[in-house]
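1. sequence plus predicted model, see below.
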Amino acid sequence: MSTSAKQPVDDYRWYLVQCKPRQEARAQLNLRNQGFTCFTPMQDVQRLRHGKKTLVTEALFPGYLFVNLCRLNDNWHSIRSTRGVTSLVRFGRENEPLAVPDALVDHIRQRLNRQPASELFTPGSKVRLIDGPFKDLEAVFSKTDGEERAIILLNILQREQRLKVPLSALASSG
């Protein structure tokens, strides 16, 4: 059940739930209908469908989702009989569900909420190289080249050179 007045927030922990194949959304919906707080990390991915590139949203961890449970008050038995759920992921000799650290779930949320580097720069904007052989030099952002590379214009020996660099090697200049 979600956090209530009965239990302090400290008694709630994140646990990993294994879902039936391609049923993360169904499992999440049914768990939420029972009052559980769930988190299914999703990401946008380009896929080739019928010869065309299509942007689709997929689970970051296919077949799994996180559920926030209280060890004392929540009915854990209802989880395994929830449509779309296979079981809670268990570890150790006692075969007990192992809590996932809150910091890990927070980190995943932060990473997914981060703006893609390709959207941080606009053509013509000034950038600074923060890695590689041209570190600390300024350049002009031209365009992205795929999902992880960029084409920049760098002035070397009084000539403008087009270079391909990783997006992670760029920072806004200003």
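-> Received it, and whenever you're ready, just let me know what you need. Residues are numbered from 1 along each chain as shown.
2. so which residues of this protein form helices?
-> 24-33, 77-80, 102-113, 117-120 (DSSP state H).
3. pick the most deeply packed of those helices.
-> When you average the neighbours per residue for each of those (mean count of other CB atoms under 10 Å), helix 24-33 leads with a mean of 18. Where C-beta positions appear, they are placed from N, C-alpha and C, glycine not excepted.
4. redo the helices of the chain as TSV? Include distance to residue 44.
-> Formatted as TSV, the helices of the chain follow (distance: least, CB to CB, whole Å):
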stretch	distance to residue 44
helix 24-33	15
helix 77-80	29
helix 102-113	10
helix 117-120	12
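5. I'd like those helices as a markdown table, with distance to residue 66 and mean pLDDT appended.
-> As requested, these are exported to a markdown table (distance: least, CB to CB, whole Å; pLDDT from 0 to 100):
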| stretch | distance to residue 66 | mean pLDDT |
| --- | --- | --- |
| helix 24-33 | 10 | 95 |
| helix 77-80 | 12 | 89 |
| helix 102-113 | 6 | 87 |
| helix 117-120 | 26 | 60 |
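6. quick one: the strands in the protein, in order.
-> In the chain, the segments counted as strands under DSSP state E are 12-19, 37-39, 42-49, 52-59, 64-70, 85-88, 90-91, 96-97, 126-129, 138-144, 149-156, 159-166, 170-172.
7. can you give me the mean pLDDT across the third one?
-> It stands for strand 42-49. Averaged over strand 42-49, pLDDT sits at 80.
8. just name the shakiest helix or strand of the protein by mean pLDDT.
-> helix 117-120 (a mean of 60; mean pLDDT, DSSP states H and E).
9. tell me the domain ranges of this structure?
-> 9-113, 117-172 (automatic domain parsing).
10. now the shortest one, how far from the centre of its chain.
-> Mean C-alpha position of domain 117-172 versus that of the full chain (CA atoms, centre = their mean, to the nearest Å) differs by 25 Å.
11. and the residue nearest to residue 160 when sequence neighbours are not counted, how many neighbours does it have?
-> Spatial nearest neighbour of residue 160, chain neighbours left out: residue 153 (5.1 Å); criterion: CB to CB, 6 or more residues apart in numbering. The tally of other residues near residue 153 (other CB atoms under 10 Å) stands at 14.
12. same deal with residue 46?
-> Neighbours of residue 46 (other CB under 10 Å): 10.
13. ok, the closest residue to it other than its chain neighbours - how many residues close by?
-> Of all residues not flanking residue 46 in the chain, residue 53 sits nearest, at 5.2 Å (CB to CB, 6+ apart). If you count neighbours by other CB under 10 Å, residue 53 ends up with 8.
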